[in-house]
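K.L.:
Show me how the following folds:
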Amino acid sequence: MTGVRIDKWLWAARFFKTRSLATEEVHKGHVQVNGADVKASREVRVGDQVVVVQAKLPRTLTVLGLSDQRGSAPVAQQLYEETADSKLLREAQAERRRLAPEPALAIEGGRPTKRDRRDLQKGWGDRWSASIKDGN
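P.N.:
A predicted model of the protein is given here:
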C-alpha cells in the first residue's frame with residue numbers, strides 16, 4: 001500500500017469517530033499535509049507531516065504507518081508519532097486551562113430569588129414604575 005486517503009487515515013488513526021467527521025474537518029481546512037491545505041481525497045504516505053487542529057489546538061504528526069481499517073487504540077497509535085514541539089504546546093495549553101479561573105465562579109449569588117428582587121425594588125420608590133400614570 002503506497003498511500004491512503006487522508007480522511008480514511010484520520011478515521012483509522014482514531015482522530016475522528018466517523019469518516020464523515022474526518023472529511024468534514026478536512027473540508028473546513030483543519031487538516032494540512034506537508035504544510036498545504038488538502039482535500040479529503042488526498043493520499044497520505046509514510047513520512048508525511050500532518051497537522052490536525054482539534055479544539056483549536058494544532059497537533060503535528062509524522063505518519064509512521066498506513067491503514068484504511070479502524071482498529072484498536074494501541075494499533076492506531078502505531079500509525080503516527082506526535083512531534084516534541086506539538087506535545088509541549090498541548091501540555092502548555094492544558095496547564096493554562098487548568099490555571100485559568102472558571103467564569104461561572106465569578107457569579108457570586110447567581111440569579112436573584114423572588115425575595116431578593118422585592119428587596120431590590122423597595123429602594124427604587126417613585127423612580128421606578130411599570131404602570132402608566134393617569135393625568136399628570
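K.L.:
so where does Pro58 fall, helix or strand?
P.N.:
Using DSSP states H and E, Pro58 sits within strand 57-63.
K.L.:
pLDDT averaged over the helix or strand just after that strand - what is it?
P.N.:
The helix or strand immediately downstream of strand 57-63 is helix 73-77, counting by DSSP H and E. With pLDDT averaged residue by residue, helix 73-77 scores 94.
K.L.:
what does stretch 56-69 give?
P.N.:
Per-residue scores along stretch 56-69 average to 93.
K.L.:
Ok, stretch 6-15 next?
P.N.:
95.
K.L.:
Pull the CA coordinates from it and hand them back as PDB.
P.N.:
Provided in PDB are the C-alpha atoms of stretch 6-15 (Å, rounded to 0.1, in the frame of the first residue of the first chain):
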ATOM      1  CA  ILE A   6      -6.300  11.400   4.400                       C
ATOM      2  CA  ASP A   7      -9.900  11.100   5.700                       C
ATOM      3  CA  LYS A   8      -9.600   7.300   5.900                       C
ATOM      4  CA  TRP A   9      -6.300   7.600   7.700                       C
ATOM      5  CA  LEU A  10      -7.500  10.100  10.200                       C
ATOM      6  CA  TRP A  11     -10.500   7.800  10.900                       C
ATOM      7  CA  ALA A  12      -8.300   4.700  11.200                       C
ATOM      8  CA  ALA A  13      -5.800   6.600  13.500                       C
ATOM      9  CA  ARG A  14      -8.800   7.500  15.700                       C
ATOM     10  CA  PHE A  15      -8.700  11.200  15.500                       C
END
